[in-house]
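[1] Need the 3D shape of this:
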Amino acid sequence: MSPPAVIGLDLGTTGARAVLADVSGATLAVHEAPYDLHTPRPGWAEQSPEDWERAAFSAISAVASRARREDDIRAIGLTGQMHGLTLLDRAQQPLRDAILWCDLRTGPQRRELEDAIGVPTLVRHTGNLPLEGFQAPKIVWVRQHEPDLLERTAHVLLPKDFIRLRLSGECLTDVSDASGTGYFDSAKRRWSDQMIDMLAIDRAWLPEIRESPEPASRLTPAAAERLGLRPGIPIAAGAGDQPAGAVAAGVVSEGDAAVTIGSSGVVFAAASAYGAAPDGRVQVGAHALPQRWYLMGVTQAAGLSLRWLRDTFMPGTSYDQLVPEATDSSPGSRGLLWLPYLQGERTPHLDAEARGALVGLTTAHGRADIVRAVLEGVAFSLRDAAQAIQGVGAAVDRFKLAGGGARSPLWRQIVADVFDTPMRVEPEGRGPAFGAALLGAVASGLFASVDEAVRVTAASHETITPSAEGTAALDAAYARYRDLYPALAATSRSAAAFQAAETGDA
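    You can find the predicted model right below:
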């Protein structure tokens, strides 16, 4: 008899990734289905929920077909990009493309909310500020610019929960993903009545909330037929992509933190008690385990910085070819510095008007220096995020390195040197989709708890040790990097104003 298996789905920024895993932690199959990112104006980022549905069903059915028997698959776990605003009508059809986590159009609405409600009140009710990527300022933007849509709105969902709706017919979400809406009380793990009233949100729009490992819904016969699965299998409430990735990495206890380099860059620390930064500069939320929380710092353009560099100046070049070129430069990139603020910056500056910059360029610099400066600049930004988290009082002493950037030996070493601490590298394939699969395994009763699932499926890790030479050079470069944001802040604001005026968004 073959061992039971579970499916995890990650609805990411570039595509849907499904993983079929068994209870030992072995990955049996992986399938990715891409979809487009729409940028109708500079700083905007949207996607079609219909594209999500096509890709998600394609990815799930592909891995389901790899199971030995249909009955082997015991559950589905869901995760995905956080914060996205998905508006549905009474027929549960999308009213517009979803507005994503990296969309920056809502800067004015964020400022309106902070001025009208006040930072202390916002932090008291939610633990967070209404950041541009969150749902709260997006709802205000839609009310101001597309009011007819809110009149027709019946449901407001997060991205992964749109897929849940198509799988189960139910509107539900989990505590970790809800923490990034801007109107969720992370301390009490429930919708914030005060914020809902202040935002004039119709409570009927909002999904019910569950803890991440709960069996929140079940697969409908129609969806099961599309996927080649048996109807009725449980679907875990799931988690946002960062909490799910933390589960995959085993970052579930006080003192554990994950440094993830994906499209965005994230430093995610587990906490056994709720605690928010008074100024809201560190994101706080409910973790994917009951009675645990997280502290999170984000750099908006981590892998996105490297992608922008490649696609803009070196089209057709693979990352496997591009990144090793940086070894021809030296730690510190021969004095070159990169500010990775292509999509503004979240932690620690909370500044959507911050702009990217390549500083220190001379005729002596070559492509290798520029590539290395981008890798180092992302690592510097992640160090900023880690220091902000530690400034809240988080006692982080164990780091794991995850995400696509962790596949690069050079980038791994740069991060270890910049942080001056050993980094345990998460094995490839142990990303958010795997974490979602573990939540599904708990929901189906294969494990008694998330802690047990993490312990039983733990994998061996390679550890990257910082080098004395690299740490010394990069510590000096980091000090210069820290000077750049305040020095360029006024120039960035004027550039943002010019860009807004040029596109008619001023």
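[2] Now do the contacts for Ala459.
    Applying C-beta atoms under 8 Å, 6 or more residues apart in numbering, one finds that Ala459 lies in contact with Gly25, Pro427, Arg430. C-beta coordinates here come from the backbone N, C-alpha and C atoms, glycine included.
[3] where exactly do the strands run in the stretch 201-350 of the chain?
    Per DSSP state E, counting those that start in this stretch, the stretch 201-350 of the chain carries strands over the ranges 208-210, 215-218, 234-236, 239-240, 256-261, 265-271, 283-286, 293-299, 337-339.
[4] Buried subset of the contacts of Ala459 as a ChimeraX selection?
    Remark: buried members of the contacts of Ala459, expressed as a ChimeraX selection using 16 or more other C-beta atoms under 10 Å:
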select :25,427,430
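[5] Tell me the one of the contacts of Ala459 nearest Gly228?
    Of all the contacts of Ala459, Gly228 sits closest to Gly25, with 24.0 Å by C-beta to C-beta.
[6] right, and the closest one touches Ser460 too?
    No. With contacts counted by C-beta atoms under 8 Å, Gly25 stays clear of Ser460, the gap being 10.9 Å.
[7] Would you tell me which one of the contacts of Ala459 comes nearest to Leu382?
    Closest to Leu382 out of the contacts of Ala459 is Arg430 (19.1 Å), distances taken as C-beta to C-beta.
[8] Pretty sure that closest one sits in a helix.
    No. According to DSSP: H, G, I helix; E, B strand; the rest coil, Arg430 belongs to no helix; its state is coil.
[9] Tell me which residues touch it, please.
    Taking C-beta under 8 Å, 6+ apart, we find Arg430 in contact with Ala248, Ala249, Ala402, Ala459.
[10] Let's see that with 7 Å instead.
    Applying C-beta atoms under 7 Å, 6 or more residues apart in numbering to Arg430 gives the contacts Ala248, Ala249, Ala459.
[11] same deal with Ala18?
    Ile7, Gly8, Leu9, His31, Ala59, Ile60, Ala62, Val63, Ala433.
[12] I'd like the distance between the residue nearest to Asp279 when sequence neighbours are not counted and Gly297.
    Computed as C-beta to C-beta, 6 or more residues apart in numbering, the closest residue to Asp279 that is not its neighbour in sequence is Val119, at 6.6 Å. In this view, Val119 and Gly297 are 18 Å apart by C-beta to C-beta, to the nearest Å.
[13] who has more neighbours, the two?
    Neighbours were tallied for Val119 and for Gly297 using other C-beta atoms under 10 Å; the higher tally belongs to Gly297 (30 against 14).
[14] burial count for the closest residue to the more buried one other than its chain neighbours?
    Among residues not flanking Gly297 along the chain, Ala385 sits closest, at 2.7 Å (C-beta to C-beta, 6+ apart). Ala385 has 27 neighbours, counted by other C-beta under 10 Å.
[15] Tell me the pLDDT of Ala385.
    Looking at Ala385, its pLDDT is 95.
[16] Wait, a strand at it?
    No. Counting by three-state DSSP, Ala385 is not found in a strand; it is helix.
[17] List just the nearest of the contacts of Ala18 to Gln242.
    Ala433 (13.1 Å).
[18] Surely the residue nearest to Asp279 and Gly280 touch.
    Yes. Look at Val119 against Gly280 with C-beta atoms under 7 Å: they come within range, at 6.2 Å.
[19] rewinding a little: for the contacts of Arg430, could you give me TSV that also reports pLDDT and distance to Ala468?
    TSV is the format used below for the contacts of Arg430 (pLDDT from 0 to 100; distance: C-beta to C-beta, whole Å):
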residue	pLDDT	distance to Ala468
Ala248	94	32
Ala249	91	27
Ala459	84	29
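[20] just these now: which is nearest Val418?
    When the contacts of Arg430 are ranked by distance to Val418 (C-beta to C-beta), Ala249 comes first, at 19.1 Å.
[21] hang on, the closest one packs against Ala258?
    Yes. Contact between Ala249 and Ala258 holds when scored by C-beta under 7 Å: they sit 4.7 Å apart.
[22] list the residues that contact both of these two?
    Common neighbours of Ala249 and Ala258 are listed as Lys400, Ala402 (criterion: C-beta under 7 Å, 6+ apart).
[23] circling back to that earlier point, out of the strands of the stretch 201-350 of the chain, which is closest to Asp328?
    Closest among the strands of the stretch 201-350 of the chain, using C-beta to C-beta: strand 337-339, at 16.7 Å.
[24] average pLDDT for that closest one?
    Computed over strand 337-339, the average pLDDT equals 98.
[25] Just list what that strand packs against, helices and strands only.
    On a contact count with 3 or more C-beta pairs under 7 Å, 6 or more residues apart in numbering; DSSP states H and E, strand 337-339 meets strand 357-359, helix 367-391, helix 468-502.
[26] What strands flank that strand, and is each parallel or antiparallel?
    Applying DSSP bridges, strand 337-339 is found paired with strand 357-359 (antiparallel).
[27] Quick one: residues in contact with the strand it pairs with.
    Residues from elsewhere that reach strand 357-359 (C-beta under 7 Å, 6+ apart): Leu336, Leu337, Trp338, Leu339, Ile370, Ala373, Leu484, Leu488.
[28] neighbour-wise, which of those leads?
    For the contacts of strand 357-359, counting by other C-beta under 10 Å, the largest number of neighbours falls to Ala373: 30 neighbours.
[29] quick one: that one and Leu337 touch, right?
    Yes. Using C-beta under 7 Å as the test, Ala373 is close enough to Leu337 to be in contact (6.2 Å).
[30] which one of the contacts of strand 357-359 sits closest to Ala269?
    Nearest to Ala269 among the contacts of strand 357-359, with distances taken as C-beta to C-beta, is Leu339, at 24.2 Å.
[31] Can you report phi and psi for the residue nearest to Asp89 when sequence neighbours are not counted?
    Residue nearest to Asp89 in three dimensions, not counting chain neighbours: Arg152, with 5.2 Å by C-beta to C-beta, 6+ apart. Here is the backbone geometry of Arg152 (degrees, to the nearest 10): phi -100, psi 0.
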